[in-house]
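1. Just to be clear, the model below is a prediction. Sequence and coordinates:
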Amino acid sequence: MARIYSRKKGKSGSKKPPIKIVPKWVKLKKEEIIKMVIKMAKERKSSTTIGSILRDQYGIPDVKTLTGKTITQIMRENKLYPEIPEDLMNLFRKSVSLRNHLSKNKADKHSKKGLEHMESKIRRLIKYYMREGKLPRDFRYDVEKVKLIIQK
């Protein structure tokens, strides 16, 4: 017997509401939310972690609707955003982890191909961030340099 699923293939998880209105249940003011973001950023939490904490512990569904600014914008205004963007740093961590795996498992062809794709993605992202001025013009992707950056 075939199963009938209510969701379409590839569609899962919650979606943000199309109308950007401040929910009635949020009792915090704009300034309080900004202070909480700054406090967590000083504790060296990433913007995605801050967003998850605000959603799960404080019931804040969307910082941008309440403050008019994203978490990243608030962090940048207060000079608390890391010099390497968060998505690029996550790719750096994955690539270092994959390189460690490949050093132990030399015959893993699928992971080698995955590393090539990931490094291609990293180079494209670096090129984009240099063009946007979020990375210095002389920034180069070097595996040893990335290992040192991650260890910080």
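-> That came through fine.
2. Now stretch 62-81: buried residues?
-> In terms of neighbour count (16 or more other Cβ atoms under 10 Å), stretch 62-81 has its buried residues at 62-63, 65-67, 69, 71-75, 80-81. Glycine gets a C-beta too; all of them are placed from N, C-alpha and C.
3. Could you list every helix and strand that the helix or strand containing residue 144 packs against?
-> Element membership of residue 144 [criterion: DSSP states H and E] is helix 143-151. With contacts taken as 3 or more Cβ pairs under 8 Å, 6 or more residues apart in numbering; DSSP states H and E, helix 143-151 sits against helix 86-104.
4. what about the longest helix in the protein?
-> helix 109-132 (DSSP state H).
5. That one vs helix 143-151, what angle?
-> In terms of direction (axes from the mean of the first three to the mean of the last three Cα atoms, to 10 degrees), helix 109-132 departs from helix 143-151 by 80 degrees.
6. For residue 48, give me its contacts.
-> residue 86 (Cβ atoms under 8 Å, 6 or more residues apart in numbering).
7. Pull out the buried residues from the strand or helix carrying it.
-> Residue 48 is part of helix 47-58, with elements assigned from DSSP H and E. Using 16+ other Cβ under 10 Å as the test for burial, helix 47-58 gives 47, 50, 51, 54.
8. these two touch, right, the second one and residue 34?
-> No - with contacts counted by Cβ atoms under 8 Å, residue 50 stays clear of residue 34, the gap being 11.4 Å.
9. Which helix or strand contains residue 32?
-> With DSSP H and E as the test, residue 32 turns up in helix 30-42.
10. Quick one: mean pLDDT for that helix?
-> Average pLDDT, helix 30-42: 94.
11. That helix packs against which elements?
-> Against helix 30-42 (3+ Cβ pairs under 8 Å, 6+ apart) you get helix 47-58, helix 63-67, helix 71-77.
12. about what we covered before: quick one: the longest helix of the chain to helix 86-104, angle?
-> Using the same axes, to 10 degrees: helix 109-132 against helix 86-104 is 150 degrees.
13. who's in contact with helix 109-132?
-> Contacts of helix 109-132 (Cβ under 8 Å, 6+ apart): 85, 87-88, 91-92, 94-95, 98-99, 101-102, 105, 135-137, 139, 141.
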